[in-house]
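Asker: sequence and computational prediction follow.
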Amino acid sequence: MTTGSKAVALTFDDGPDPDLTPKLLKLLAKEKVKATFCLVGTQARRHPDLVRAIAKGGHSFCNHSWNHDLKLGKRSHQAIRADLERTNAAIRAAVPDAKIRYMRAPGGNFTPALVKISAEMGMHSIYWKVDPRDWDQPETESHNAHRDKIIRSVKKHTHAGAIVLSHDYAQPATIEAYRVLIPYLRKRYQLVALV
């Protein structure tokens, strides 16, 4: 849930997204900020160029399962291991020497088996301290209102040592929110990738 220091870690889940991940990478590069990308295996396989771009930007990788199976942790040990191995293989198909030191359960649905198998594979399980629920935009909420809600939530809840959860997949308001949030956060905290 925390970085173990006063530094704050930005984490982005469910990508890479061919539209939004490049925009986020450009923003992070401009602001000289490193982040952690929790990749879904099917997306990594579809977009190896983006996996390479994440690595080239100096960001770190996190395994976020093969296809975001919310019940992954309840599957057999063999099925869990196969899912995580397949995801790591998709990332390493693009970046052969990728260090994948983290695993985040889809939906935060960690189980003892999922944590144990991840650890056996050399991956620490990461949760989060700040969740602006950027993926949860009601139909009645405008794009700008949703962006502003993300900004307010991250500003309000982020404290030293926090791991911040957001999404770079299918969430255009998130990328816009971070155009405001990154300069704001950089003035207050050291922003780091989990390594």
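Answerer: Alright, I've got the coordinates.
Asker: could you use CA atoms for every contact and neighbour count after this?
Answerer: Will do.
Asker: mind listing the helices for this protein?
Answerer: Along the chain, counting by DSSP state H, helices occupy 20-31, 41-46, 48-56, 77-94, 112-120, 143-157, 172-188.
Asker: nearest to L10, out of those helices?
Answerer: helix 172-188 (9.4 Å; C-alpha to C-alpha).
Asker: outside of that closest one itself, list whatever touches it.
Answerer: 20, 23-24, 27, 31, 134, 143-144, 146-148, 150-151, 154-155, 166-168, 191 (C-alpha atoms under 8 Å, 6 or more residues apart in numbering).
Asker: cool, stretch 128-140 as well?
Answerer: With C-alpha under 8 Å, 6+ apart, stretch 128-140 has contacts from 1-2, 146, 149-150, 153-154, 157-158, 162-167, 171, 173-174.
Asker: most remote residue from the middle of the protein, which is it?
Answerer: No residue in the chain sits farther from the centre than T140, which is 26.6 Å out by C-alpha atoms, centre = their mean.
Asker: count of residues packed around M103?
Answerer: For M103, the count of nearby residues is 26 (other C-alpha atoms under 10 Å).
Asker: I'd say K71 and N109 touch.
Answerer: Yes. Judged on C-alpha atoms under 8 Å, K71 makes contact with N109 at a distance of 7.4 Å.
Asker: circling back: can you list the helices of the chain in TSV and add distance to Y102?
Answerer: Below are the helices of the chain laid out as TSV (distance: least, C-alpha to C-alpha, whole Å):
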stretch	distance to Y102
helix 20-31	19
helix 41-46	14
helix 48-56	15
helix 77-94	11
helix 112-120	8
helix 143-157	22
helix 172-188	22
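Asker: per-residue pLDDT, the residue farthest from the centre of the chain?
Answerer: Listed pLDDT for T140 reads 96.
Asker: tell me how far it lies from H146.
Answerer: Per C-alpha to C-alpha, to the nearest Å, T140 is found 10 Å from H146.
Asker: next one: R152
Answerer: On the measure of C-alpha to C-alpha, R152 and H146 end up 10 Å apart.
Asker: now swap in V195 and tell me
Answerer: Per C-alpha to C-alpha, V195 is found 31 Å from H146.
Asker: these two: which has the busier surroundings?
Answerer: Applying other C-alpha under 10 Å to V195 and H146 shows that H146 carries more neighbours, namely 22 against 14.
Asker: enumerate every residue touching the closest residue to R81 other than its chain neighbours.
Answerer: Distance criterion C-alpha to C-alpha, 6 or more residues apart in numbering; nearest residue to R81, sequence neighbours excluded, is I117 at 6.5 Å. Contacts for I117 (C-alpha under 8 Å, 6+ apart) come out as H77, I80, R81.
Asker: show the pLDDT at I117.
Answerer: According to the model, I117 scores 98 on pLDDT.
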